[in-house]
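> from the sequence below, what's the structure:
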Amino acid sequence: MDRSIARMLLEIGAVSLRITPPFQWASGRLSPIYCDNRLIMSYPAYRRQVAEGFEALMKAQGLEPDVIAGTATAGIPHAAWLAERLDLPMVYVRGAAKGHGKENRIEGKLEAGQTAVLIEDLISTGGSSVSAAEGLVDAGAELLGVLAIFTYGLEVAEAAFQEAGMRFATLTRFEVLWREALEMGILTKEETAILAEWQTDPARWSEARKPAEAGSDR
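Numbering: from 1, shown residues only. Sure, this is the predicted structure:
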């Protein structure tokens with residue numbers, strides 16, 4: 001599953017690889033990779049493949065939640081398709097509580113004590129995913145784990161989940177993706193070495209290239 005998902009992300013341009021010029025993330029950092037899994041929404045066969053992948057991953061992990069939760073906003077559609085597939089209730093988690101009305105952070109019906117799996121489209125540093133998961137816990141849910149389509153495989157994300165005492169798993173990851181890109185002729189062996197250098201220390205990689213012209217991430 002991880003190879004087929006990686007190839008799909010490359011084929012539809014959901015994950016783009018470009019070393020010169022690098023992409024510029026919203027944070028200002030430069031990167032040779034940019035991920036926009038929202039593109040999957042436009043491909044019915046591929047979004048079904050993702051939902052099937054999440055179901056298989058849940059079975060492999062032994063996860064049997066009462067509720068499927070999605071992160072706002074990119075995790076919402078995938079959580080909805082998975083919840084429909086499994087005939088389970090669904091909620092979604094805002095980045096922060098609303099500043100008006102009931103000031104909800106969790107939208108949908110979530111009962112205290114219910115078990116939940118959180119669906120995310122992408123794990124980068126892990127910060128926003130952990131925050132959303134904590135929102136579920138604060139609302140009284142028992143978090144079984146966080147599942148995402150793709151991860152950059154950064155050490156900071158591993159550390160964030162470990163510190164929070166949370167499980168996470170993904171359908172595919174950075175190392176699988178660049179191997180597929182190499183096989184597809186999208187990257188050369190020399191370029192994959194540069195990607196490995198970025199993954200080891202993204203901040204240093206970005207700083208070393210700041211004077212270079214960078215492409216936009218939007």
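> which residues in this protein form helices?
2-11, 44-61, 76-86, 127-138, 155-164, 174-183, 189-200, 202-209 (DSSP state H).
> contacts for the last one, please.
By Cβ atoms under 8 Å, 6 or more residues apart in numbering, the surrounding residues in contact with helix 202-209 are 22, 29-32, 154, 197-198. (C-beta placed from N, C-alpha, C; glycine too.)
> how long is stretch 194-206 end to end?
Distance across stretch 194-206, first residue to last, is 12 Å (Cα to Cα, to the nearest Å).
> show me which residues of that stretch are buried.
Going by neighbour count (16 or more other Cβ atoms under 10 Å), the buried part of stretch 194-206 is 194-195, 198-199, 202, 205-206.
> follow-up on the earlier one: residue 116 is nearest to which of the helices of the chain?
Across the helices of the chain, residue 116 has its closest neighbour in helix 127-138 (5.4 Å, Cβ to Cβ).
> just the CA trace of that closest one, in PDB.
This file holds the C-alpha atoms of helix 127-138, laid out as PDB (Å, rounded to 0.1, in the frame of the first residue of the first chain):
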ATOM      1  CA  GLY A 127       2.600  20.100  16.200                       C
ATOM      2  CA  SER A 128      -0.800  20.700  14.700                       C
ATOM      3  CA  SER A 129      -1.700  17.000  14.700                       C
ATOM      4  CA  VAL A 130      -0.800  16.600  18.300                       C
ATOM      5  CA  SER A 131      -2.800  19.800  19.200                       C
ATOM      6  CA  ALA A 132      -5.900  18.500  17.400                       C
ATOM      7  CA  ALA A 133      -5.500  15.100  19.100                       C
ATOM      8  CA  GLU A 134      -5.200  16.900  22.500                       C
ATOM      9  CA  GLY A 135      -8.500  18.700  21.600                       C
ATOM     10  CA  LEU A 136     -10.200  15.400  21.300                       C
ATOM     11  CA  VAL A 137      -8.800  14.200  24.700                       C
ATOM     12  CA  ASP A 138      -9.800  17.500  26.300                       C
END
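> buried residues in that helix, which are they?
For helix 127-138, using 16+ other Cβ under 10 Å, the buried residues are 128-130, 132-133, 135-136.
> residue 176 against residue 2, yeah?
Yes: counting by Cβ atoms under 8 Å, a contact exists between residue 176 and residue 2, whose distance comes to 4.9 Å.
> contact partners for residue 80?
70, 90.
> check it and give its pLDDT.
With respect to pLDDT, residue 80 has a value of 98.
> possible to save the helices of the chain as JSON lines with distance to residue 149?
Output for these, formatted as JSON lines (distance: least, Cβ to Cβ, whole Å):
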{"stretch": "helix 2-11", "distance to residue 149": "7"}
{"stretch": "helix 44-61", "distance to residue 149": "6"}
{"stretch": "helix 76-86", "distance to residue 149": "7"}
{"stretch": "helix 127-138", "distance to residue 149": "12"}
{"stretch": "helix 155-164", "distance to residue 149": "14"}
{"stretch": "helix 174-183", "distance to residue 149": "11"}
{"stretch": "helix 189-200", "distance to residue 149": "18"}
{"stretch": "helix 202-209", "distance to residue 149": "20"}
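> perfect, I'm done here.
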